[in-house]
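# sequence below, structure please.
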Amino acid sequence: MVDDPEISKLTVSGFAQILDDVIQILQKEQFNGQITGGKISNKVVELEIPEKLAIIGDLHGDLCALLKIFKRIKIEEFVMNHNNKIIFLGDYVDRGSASIEILYKICCLKIRHPQSIILMRGNHEAPKEFPISSHDLPKRMIERFGKRLGMEVYQTKIFELFNMLYLVVIIQGVLFLVHGGVPARVNSTESKFDDLISKTGPFSESFEEILWNDPRAFLPDEKEWEFSRRGLGKHFSSSISKKWLRASNTKVIVRGHEPCNGFKIDHEGRVLTLFSCKEAYPKFDIGYILISGKQLRSIRNGYDLAENVDII
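Model prediction:
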């Protein structure tokens, strides 16, 4: 565990207050429908190309990984410019030893610099909708704060925070960001993203797929999709990626969800998977993206984008 006096002194009431504060910020920006350099609708953020962009994948309770990334991107300097953006792809919790501390750190960052931080939802931030055996955040809350108070904050404040997190971020003309993947069913190449988002309420098929889907290079019988061996979500083909990139007028799908050595490319450069933790996956290195707006404008595919992945 990282020796951080601020974290070591964290009380349950202090943690609850931090959660309350970030929930109010998210409620306000979603009610107003805007963030610096972009607009918000139905848990979707559409951004103009920022001056600088950092993207962080699954953290899974790995505070050391997060702090290393913060040091590399010079976090305090980075977030002072509201035209810079840090996008977290979700899966902040479970598996690692510091799920509570990760939530605390990212919430404090969002409170201090709300216009620079975008918090997305991972499948591990949907335990109510999709209970999974590896969801150990309740255990961590009980260990840290006691059963009654720990579970009270978990079932109220943390659930409310999870419900406020974003499902999709589009950086206009370039990137399409989700945690898991794009939905496997596309009605036509003329489909608009708004049509999808209107159907992403809790427990909907699209909601599940955005959080749980994975790209696959080859599917049997040239299928466009198949049910996932995870038990939730689907595997989707390159043709599905191509359709959603066309529908959203973007060039690369950026997602997390799958452990890999920092990053991996799928679907002939249409999909880049980013993974940013090491504690629970010691064989892998930590990957994150740091890229300027000028570089973003020149991106043609995931191979170009991968040149801006930093591996720790």
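
# how about the helices in the protein?
Using DSSP state H, the helices found in the chain span residues 5-8, 12-32, 63-73, 75-79, 99-112, 137-145, 147-153, 159-164, 193-197, 205-212, 238-248, 293-297, 302-306.

# other SSEs contacting the first one?
Counting by 3 or more C-beta pairs under 8 Å, 6 or more residues apart in numbering; DSSP states H and E, the packing neighbours recorded for helix 5-8 are helix 99-112. To be clear about C-beta, it is placed using only N, CA and C from the backbone, and glycine gets the same treatment.

# now the angle between helix 63-73 and the helix it packs on, please.
30 degrees (axes from the mean of the first three to the mean of the last three C-alpha atoms, to 10 degrees).

# tell me what helix 99-112 is packed against?
Using 3+ C-beta pairs under 8 Å, 6+ apart: helix 99-112 touches helix 5-8, helix 12-32, helix 63-73, helix 75-79, strand 117-119, helix 137-145.

# which residues sit in contact with the residue lying closest to residue 22 once chain neighbours are set aside?
Of all residues not flanking residue 22 in the chain, residue 107 sits nearest, at 4.2 Å (C-beta to C-beta, 6 or more residues apart in numbering). For residue 107, the contacting residues are 18, 19, 21, 22, 161, by C-beta atoms under 8 Å, 6 or more residues apart in numbering.

# just the buried ones from those residues, in ChimeraX syntax?
To isolate the buried members of those in ChimeraX, using 16 or more other C-beta atoms under 10 Å:
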select :18,19,22,161
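
# just send the contacts of residue 107 back as a markdown table, with distance to residue 224 and pLDDT too.
Output for the contacts of residue 107, formatted as a markdown table (distance: C-beta to C-beta, whole Å; pLDDT from 0 to 100):
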| residue | distance to residue 224 | pLDDT |
| --- | --- | --- |
| 18 | 43 | 98 |
| 19 | 40 | 98 |
| 21 | 43 | 98 |
| 22 | 38 | 98 |
| 161 | 35 | 98 |
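
# distance to residue 211 added to the contacts of residue 107, as JSON lines?
Converted to JSON lines, the contacts of residue 107 look like this (distance: C-beta to C-beta, whole Å):
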{"residue": "18", "distance to residue 211": "24"}
{"residue": "19", "distance to residue 211": "21"}
{"residue": "21", "distance to residue 211": "25"}
{"residue": "22", "distance to residue 211": "20"}
{"residue": "161", "distance to residue 211": "16"}
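
# ok, now how distant is the residue of the chain positioned farthest from its centre from residue 60?
Centroid-distance maximum for the chain: residue 221 at 32.0 Å, with C-alpha atoms, centre = their mean. Distance of residue 221 to residue 60, given as C-beta to C-beta, to the nearest Å: 35 Å.

# same question, residue 124
Distance from residue 124 to residue 60, by C-beta to C-beta: 8 Å.

# okay, and the common contacts of the two?
Common neighbours of residue 124 and residue 60 (C-beta under 8 Å, 6+ apart) are 91, 92, 93, 94.

# wouldn't residue 125 be in contact with residue 94 here?
No - counting by C-beta atoms under 8 Å, residue 125 stays clear of residue 94, with 9.5 Å between them.

# burial of residue 164, as a residue count?
Residues lying near residue 164 (other C-beta atoms under 10 Å) number 17.

# that one against residue 23, yeah?
Yes - with contact defined as C-beta under 8 Å, residue 164 counts as touching residue 23 (5.9 Å).

# any common contacting residues for the two?
With C-beta under 8 Å, 6+ apart, residue 164 and residue 23 have no common neighbours.

# rewinding a little: residue 125 and residue 94 - which one has more neighbours?
residue 125 (27 against 23).
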